[in-house]
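Visitor: fold the following, please.
(one chain, ligands or ions: 2)
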Amino acid sequence: MRWFLLAFFWCTAASASEVFPEVMAREWGLDAEPECVLCHKTDEGGARTATRPFAVTLSRYDVQGGNPGSLTAALREVRSSQTDSDADGYSDYDEITTALNPNDASDGPEEGPIGPPPYSGPLPQHGCAVATPVDPSSAAPVLLVALGLSWLGLRKARSRAKS
Ligand SMILES: [Ca+2]
Ligand SMILES: [Ca+2]
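Guide: Ligands and ions are numbered 1, 2, ... in the order given. A predicted model of the protein is given here:
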């Protein structure tokens, strides 16, 4: 029902939701009001045409047709939760405020998705860690001590066995 109300009121000629693009431009500091196709199939808008991914995202945040306050609250939630309606790695807020399309996954940031850069280190060889190679010259003293202790242990065990 909520979705129907949003679709009915948003971008229709005589509805109170004509202010939705204005509310969005003001709330997110846009240079111009977004076009109706941000949410609707066409610029004509109309009932049951707000089916674009960004409109679906807004509907999850309780936007109610004719209620600009509900849109303001939804836009704040969308911004703070960094929703990504087209799953291209760039948030809806970042796309809209940089004139990209939050409904088109092929339209993303030039520098690639936001987030840490891809891992470029060595690939794990065993489990989750990579063993670093041991320098034989630094391991020699440790190896000699271990061999000496083993020899002493064997010698003591043999002397106990004889007695
Ligand atoms: Ca996106
Ligand atoms: Ca996009």
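
Visitor: residue 44: neighbour count?
Guide: Residues lying near residue 44 (other CB atoms under 10 Å) number 12. Every residue, glycine included, has its C-beta placed from N, CA and C.

Visitor: which SSE is the spatially closest residue to residue 39 that is not a sequence neighbour in?
Guide: Taking CB to CB, 6 or more residues apart in numbering as the measure, residue 39 lies nearest to residue 55, with 3.6 Å between them; neighbours along the chain are not counted. In this structure, residue 55 is located in helix 53-59 according to DSSP states H and E.

Visitor: do residue 93 as well
Guide: Here residue 93 sits within helix 92-97, counting by DSSP H and E.

Visitor: the residue nearest to residue 39 contacts residue 36, correct?
Guide: No. The pair residue 55 / residue 36 is not scored as a contact, 10.2 Å apart, by CB atoms under 8 Å.

Visitor: around ligand 2, which positions in the protein sit nearby?
Guide: On the criterion CB under 5 Å from the ion, ligand 2 has as its neighbours in the chain the residues 86, 88, 104, 107.

Visitor: identify the single longest helix in the chain, thanks.
Guide: Ranked by residue count under DSSP state H, the longest helix found in the chain is helix 136-162.

Visitor: now do it: distance to the chain's middle.
Guide: The gap between where helix 136-162 is centred and where its chain is centred comes out at 56 Å by CA atoms, centre = their mean, to the nearest Å.

Visitor: any low-confidence regions in this structure?
Guide: 1-18, 109-134, 136 (pLDDT under 70).

Visitor: list the buried ones in stretch 50-68?
Guide: Taking 16 or more other CB atoms under 10 Å as the neighbour-count basis, stretch 50-68 is seen to contain the buried residues 50, 52-55, 57-59, 61, 63-68.
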